[in-house]
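>>> 3D, please:
(chains A and B)
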Amino acid sequence: MNARSFLMAALASLLAGVSQADTKEPIKIGVISEESAIAGAGISKAAQVAADEINAAGGIDGRKLELVLYDDHSSAADAVRAFQRAVSQDKVVAVVGTYITEVALALMPWAARSHVPFITTGAASTEISRHVHDDYDKNKYTFHAHTTSVGAADSICNSVKELLQPKYSIKTGVVLSEDAAWTTPLDAEYLECLPKIGVKVLDHIRFSADTSDFTPIYNKIEAEKPDVIFTGLSHVGVQPTVQWAQQQVPIPMVGYSSQATSGTFWKDTNGAAAGVITFAVAAQGADLTPKSKPFVDAFVKRFGDAPPYAGFTTYDTIYFLTEAIKRAGSTDGDKLVTALEKTDYTGTIGRIEFNGRDAEFTHAMKYGPEFVRGIMLQWQDGRQITLWPKSAPQTKVMFPAFTHLQHP
Amino acid sequence: MFAQILIDGFAISALYALGAVGFSLMFGVSGVLNLAHGATMVVAAVTAWVVAGQFAANSWLAAIAGTAAGIITAFATYFLVVRPIQRSRSVPAAEKEIFVLTGTLLWGIMIQEAVAYFYTDNPKTVRPLITGVMQIGGVRTPTNELLIAVICWAVIGLLWLLVNRSKAGKVLLAASINPRALTILGFELSRVYLMVWAIYGVLAGIAGVLLATFLGASSAQASQLTASAFSIVVLGGLGSVAGSLLAAYVVGYLETATAYLISPVYRTIPALILLVVVVYVRPRGLLGRR
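Numbers count the residues shown, from 1 in each chain, chains lettered A, B, ... in the order given. Have a look, this model is predicted:
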């Protein structure tokens, strides 16, 4: 193609775009994600799956839903720039995204200033909802569509009580978490709820997220002879798991290992994941609601791998956000917030409603068996097996042969 | 505890030594500080992981593929970045070094971002070459950790033989001492450089693969790996291979002892303090020539 015909073609396509926009202006939603992290990349992918489905079904009252995607490279500064651009240049009506609490916290003030709703679909800290609670009028634009760390810790304690205590009677544990914003409330809740289920916490170790050699940490834990290591891992995951298996640390790992919720974790660790038990808001095979499996199938068909946890929450978020836009009959930020607060949507992760202004965690999802409380899964023979809240009839908990918890 | 530090530190230090030796040799012979060093190791690690996972190859085959990727990356660095700068007429001779430094730094970032784009920045691990654990002095040690130390030292030993006992090695040595005299004697410097980049690629490739079987490697670590090799080489004395080996063990043991005796969080700090002190008190490094 020579330069002139290329220019003509470009001009033609530009004109075509303009005339289309004239007839029916799309509604734009910004998606800010971390494209080089598994959880983060799941955010933009799942959003596209949801948007395509919504558009195929007629869009929002005849208007198309258009996603504007931004990669924040796991950096709060990049995320803030993306948010500013999304609002001022791309004119989005709401922003969805990020699995990192630190990034979500950096975006909150921008949602407040620009009166554009922001829904984080992967961050976990209760700091987010605490800010909404403490300064509602300013921070009401932020919603938290992922289980909080406190909820996750409660699910972990409850599942250990129901799942492991009858068989193994666990008496002691060590809490092992990476030093990050999301694990602060997680650890605090661990220290609170573990004693209630009869587990004495022998030690509480927080390590820097750039740790690469875990040998000294495991040696210290082993010397304390706990029954179980309770984890809080997200930015690291592969390395502690592989070294745990290679060094044959005889203590099972149970808790929240965010990377282990991704379907590729077995491959990433070459099977070292065997026996690891982790919380997840949802995962392939858990089938929490009738919507879970169709979403997983659509995602796998399009992208090859199963969606990570932030994929489930983002998919649901695009849907309930779309409903809220319809309910509000407007894309005005304040009206959208009011509509979002009335959300009662059953998605792939359960029934989603948000806590009100007076609740402890304002604008976080309601937690509980009738709402969202996540699942516990274990890696067995290359597959994620859901153990809790309900498992398949033949399902057994299985720990690797080198650990001291074996079948009684 | 003492035995634990001794054994654990030995394997880590051996890996550091292997990683730094190529970096040091490269500087000694051709005056290039390759800041894409960490990225080269990561490419080798990720390639081994891809070959092992995608093609269901065994660990040894994956290791060979990873090493090959290290060599290819090294040559790509040389032909696409370093040589064009060295031969460029528009870059003043006095500024060539800083251009090479900047060029390899940017090239390293490009590689790192490309790896992150295609394979995410999640750490990758390659199945250990040997599985299982053994008891050494009452310390449960993964057999793979021992094997890593053995391989590292075998490769370093081979390198020593090559440099000191072969004609090609003597040419390398000569190039590091007086490249001009070498050209007067009729040796083609560009061929010497090709050889040193090939050796460098093998060393960085093996180090990358071993890292992936031991601690795991991720694209996000690339700059950290470069920094670690850089500080070991500076500590040991720029261009001194023996100095790099010594420094690798000083850093390895200092880090391991800190991790055990104080806290894993402060692991890298004492070694960095030592580096600052050495740069102040003995700028040529532990075994540096000048």
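>>> how far does stretch A:359-370 stretch from start to finish?
17 Å (Cα to Cα, to the nearest Å).
>>> how far does it sit from the chain's center?
Relative to its chain's centre, stretch A:359-370 lies at 15 Å (Cα atoms, centre = their mean, to the nearest Å).
>>> what does stretch A:257-271 contact?
With contacts defined as Cβ atoms under 8 Å, 6 or more residues apart in numbering or on different chains, stretch A:257-271 is touched by A:38-39, A:42, A:231, A:233-234, A:236-238, A:241-242, A:245, A:273, A:276, A:278-281, A:283-284, A:305-309, A:377, A:379, A:382-384, B:52-53, B:122-127. To be clear about C-beta, it is placed using only N, CA and C from the backbone, and glycine gets the same treatment.
>>> go through the residues you listed and flag which are in helices.
A:38, A:39, A:42, A:238, A:241, A:242, A:245, A:309, B:52, B:53 (DSSP state H).
>>> now restrict the residues you listed to buried residues only.
A:38, A:39, A:42, A:238, A:241, A:242, A:245, A:309, B:52, B:53 (16 or more other Cβ atoms under 10 Å in any protein chain shown).
>>> which residues touch the third one?
Going back to what we said before, that points to residue A:42. A:262, A:307, A:308, A:309, A:310, A:311, A:314.
>>> looking at the fourth one now. What's its pLDDT?
Read it as residue A:309. Here the pLDDT value assigned to residue A:309 is 94.
>>> isn't it up against residue A:121?
No: here residue A:309 does not reach residue A:121: they are 9.1 Å apart, not a contact under Cβ atoms under 8 Å.
>>> any common contacting residues for these two?
By Cβ under 8 Å, 6+ apart, the residues touching both residue A:309 and residue A:121 are residue A:146.
>>> before we move on, back to that, now the buried members of the contacts of stretch A:257-271.
A:38-39, A:42, A:231, A:233-234, A:236-238, A:241-242, A:245, A:273, A:276, A:278-281, A:283-284, A:305-309, A:377, A:379, A:384, B:52-53, B:122-127.
>>> any stretches of the chain with poor pLDDT?
Using chain A. Along chain A, the parts satisfying pLDDT under 70 run over A:1-23, A:407-408.
>>> look at chain B instead
Ranges of chain B meeting pLDDT under 70: B:289-290.
>>> helices along that one, start to end?
B:2-30, B:37-54, B:59-76, B:83-87, B:96-119, B:143-165, B:167-177, B:179-184, B:189-214, B:222-236, B:241-261, B:269-281.
>>> restricting the selection to alpha carbons, write the host helix or strand of residue A:185 to CSV.
Residue A:185 is part of helix A:183-196, with elements assigned from DSSP states H and E. C-alpha atoms of helix A:183-196 as CSV (Å, rounded to 0.1, in the frame of the first residue of the first chain):
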residue,chain,number,x,y,z
THR,A,183,-1.5,-9.0,55.3
THR,A,184,-1.7,-6.6,58.2
PRO,A,185,-5.4,-7.2,58.8
LEU,A,186,-5.0,-10.8,57.7
ASP,A,187,-2.4,-11.5,60.4
ALA,A,188,-4.4,-9.6,63.0
GLU,A,189,-7.4,-11.7,62.3
TYR,A,190,-5.3,-14.9,62.3
LEU,A,191,-4.0,-14.1,65.8
GLU,A,192,-7.6,-13.5,66.8
CYS,A,193,-9.4,-16.4,65.2
LEU,A,194,-6.8,-19.2,65.5
PRO,A,195,-6.9,-19.5,69.3
LYS,A,196,-10.7,-19.6,69.1
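>>> could you say what helices and strands that helix packs with?
Helix A:183-196 is packed against helix A:149-159, strand A:172-178, strand A:200-207, strand A:228-233, with contacts defined by 3 or more Cβ pairs under 8 Å, 6 or more residues apart in numbering or on different chains; DSSP states H and E.
>>> any chance of those in a markdown table with distance to chain B as columns?
Converted to a markdown table, these look like this (distance: least, Cβ to the nearest Cβ, whole Å):
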| stretch | distance to chain B |
| --- | --- |
| helix A:149-159 | 21 |
| strand A:172-178 | 11 |
| strand A:200-207 | 5 |
| strand A:228-233 | 12 |
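>>> before we move on, the earlier item: for the ones in helices among the contacts of stretch A:257-271, name the two members farthest from one another.
Maximum pairwise distance among the ones in helices among the contacts of stretch A:257-271 (Cβ to Cβ): 26.1 Å, between A:309 and B:52.
>>> measure residue B:126 to residue B:10 for me?
Counting by Cβ to Cβ, to the nearest Å, the gap from residue B:126 to residue B:10 is 21 Å.
>>> nope, residue A:299 is what I meant
Distance from residue A:299 to residue B:10, by Cβ to Cβ: 46 Å.
>>> get me the contact residues on chain A for chain B.
Chain A has residues A:35-38, A:41, A:74, A:179, A:206-208, A:210-217, A:219, A:236-239, A:242-243, A:246-248, A:259, A:264, A:267-272 near chain B, with proximity defined as Cβ under 8 Å from any Cβ of the partner chain.
>>> just the buried members of those?
A:35-38, A:41, A:74, A:206-208, A:211-217, A:219, A:236-239, A:242-243, A:246-248, A:259, A:264, A:267-270, A:272.
>>> contact partners for residue 141?
Went with chain A since none was named. Taking Cβ under 8 Å, 6+ apart as the test, what residue A:141 contacts is A:108, A:111, A:112, A:115, A:116, A:117, A:118, A:333, A:337.
>>> not what I meant, chain B
Residue B:141 touches B:7, B:133, B:134, B:135, counting by Cβ under 8 Å, 6+ apart.
>>> bridged to the last one, which residues?
On the basis of DSSP bridges, residue B:135 is bridged to residue B:140.
>>> looking at the stretch 1-150 of chain B, which residue is nearest chain A?
residue B:116 (3.8 Å; Cβ to the nearest Cβ).
>>> wait, that residue touches residue A:36, no?
Yes: using Cβ under 8 Å, residue B:116 makes contact with residue A:36 at a distance of 3.8 Å.
>>> for these two, list the residues in contact with both.
With Cβ under 8 Å, 6+ apart, residue B:116 and residue A:36 have common neighbours residue B:219.
>>> next up, the contacts around residue B:168.
If you count contacts by Cβ under 8 Å, 6+ apart, residue B:168 has them with B:162, B:195.
>>> against residue B:72, how distant is it?
Taken as Cβ to Cβ, the span from residue B:168 to residue B:72 is 21 Å.
>>> do the same with residue B:174
28 Å.
>>> repeat that for residue A:268.
Distance from residue A:268 to residue B:72, by Cβ to Cβ: 24 Å.
>>> could you do residue A:104 as well?
40 Å.
>>> more neighbours: the two, which one.
More crowded of residue A:104 and residue B:72, by other Cβ atoms under 10 Å in any protein chain shown: residue A:104, with 31 against 16.
>>> pretty sure that one sits in a helix.
Yes: secondary structure of residue A:104 (DSSP: H, G, I helix; E, B strand; the rest coil): part of a helix.
>>> which SS class is the residue in the stretch 1-150 of chain A that chain B sits nearest to?
The nearest approach of the stretch 1-150 of chain A to chain B comes at residue A:36, 3.8 Å away (Cβ to the nearest Cβ). Of the three states, residue A:36 takes coil under three-state DSSP.
>>> tell me who's in contact with the spatially most central residue of chain A.
In chain A, the residue lying closest to the centroid (Cα atoms, centre = their mean) is residue A:122, at 3.1 Å. Shown in contact with residue A:122 (Cβ under 8 Å, 6+ apart): A:39, A:40, A:43, A:97, A:98, A:99, A:100, A:146, A:309, A:310, A:313, A:314.
>>> same check, this time on residue B:224
A:210, B:38.
>>> so how far is residue B:114 from it?
For residue B:224, the distance to residue B:114 - Cβ to Cβ - is 18 Å.
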